[in-house]
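1. Need the 3D shape of this:
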Amino acid sequence: MPTENPQPSVQIGENAPEFTLPSDNSGDITLSGLRGKAVVLFFYPKDNTPGCTREACEFSADLSTFEAAGAQVFGVSKDSLKKHENFRNKHELTVQLLSDADGDVCERYGTWVEKSMYGKKFMGIERTTILIAADGTIAQIWRKVKVPGHVEVVLAAVKELREGSTS
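-> Sure, this is the predicted structure:
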């Protein structure tokens, strides 16, 4: 269960924290099992909310381009697998959604933060995208993501990362 004082955030250049999370459509996903490919993790607050839906739809629309650039893309939230399945089906999403129901991965990646709405403070997931290089190190971090244009920025970073590793 997430705590009131989250652990420090991950940093660029350090090893990405290992995890195994259930996927909405292919069993468990383990980070170390993805080694050799870049991994994009987009952490989002909640299925079927406007910003989260737009973000998941945009990553889905460009999924084949990410894959062609050598990256796998996963959405991560605390929603259940059943909610993920409904979200995926309703919006015809192609990205895999991972359920971090206990919030452990969100905490270790520094996305479980104190938020404020209408003067009320609460804990929640900060919209964050993390690009993990093929060697398992953190290559890029985008915090407090604004959805419009974000997928294009992440895709450019994936392509740049790939070009850097082949030169």
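2. Go ahead and confirm residue 19 touches residue 107.
-> No: the criterion here is Cβ atoms under 8 Å, and residue 19 misses it with residue 107 at 10.9 Å. Any C-beta I mention is one placed from the backbone N, CA and C, and that applies to glycine too.
3. Make sure residue 90 is actually in contact with residue 48.
-> Yes: judged on Cβ under 8 Å, residue 90 makes contact with residue 48 at a distance of 7.0 Å.
4. Following element in sequence after the helix or strand bottoming out on mean pLDDT in the chain, please.
-> Of all helical and strand segments in the chain, the minimum by mean pLDDT, DSSP states H and E falls on strand 112-117, at a mean of 84. Sequence order places strand 120-125 as the next helix or strand after strand 112-117, per DSSP states H and E.
5. That next one - contacts with which helices or strands?
-> Applying 3 or more Cβ pairs under 8 Å, 6 or more residues apart in numbering; DSSP states H and E, we find strand 120-125 packed against strand 112-117.
6. If you count neighbours, what's buried in the strand it packs on?
-> By 16 or more other Cβ atoms under 10 Å, the buried positions in strand 112-117 come out as 112, 113.
7. again, but for stretch 31-51
-> For stretch 31-51, burial by neighbour count (16+ other Cβ under 10 Å) applies to 31, 34, 38, 39, 40, 41, 42, 43, 44, 45, 47.
8. is it true that the last one touches residue 85?
-> Yep, that's residue 47 we're talking about. No: counting by Cβ under 8 Å, residue 47 does not reach residue 85; the two are 9.6 Å apart.
9. List the contacts of stretch 44-54.
-> 55-56, 75-77, 79, 83-84, 86-87, 90-91, 97, 124-125, 127, 147 (Cβ atoms under 8 Å, 6 or more residues apart in numbering).
10. Which of the residues you listed are buried? Put it as a PyMOL command.
-> Filtering the contacts of stretch 44-54 down to the buried ones (16+ other Cβ under 10 Å) takes a single PyMOL command:
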select buried, resi 55+56+75+76+77+79+83+84+87+97+124+125+127+147
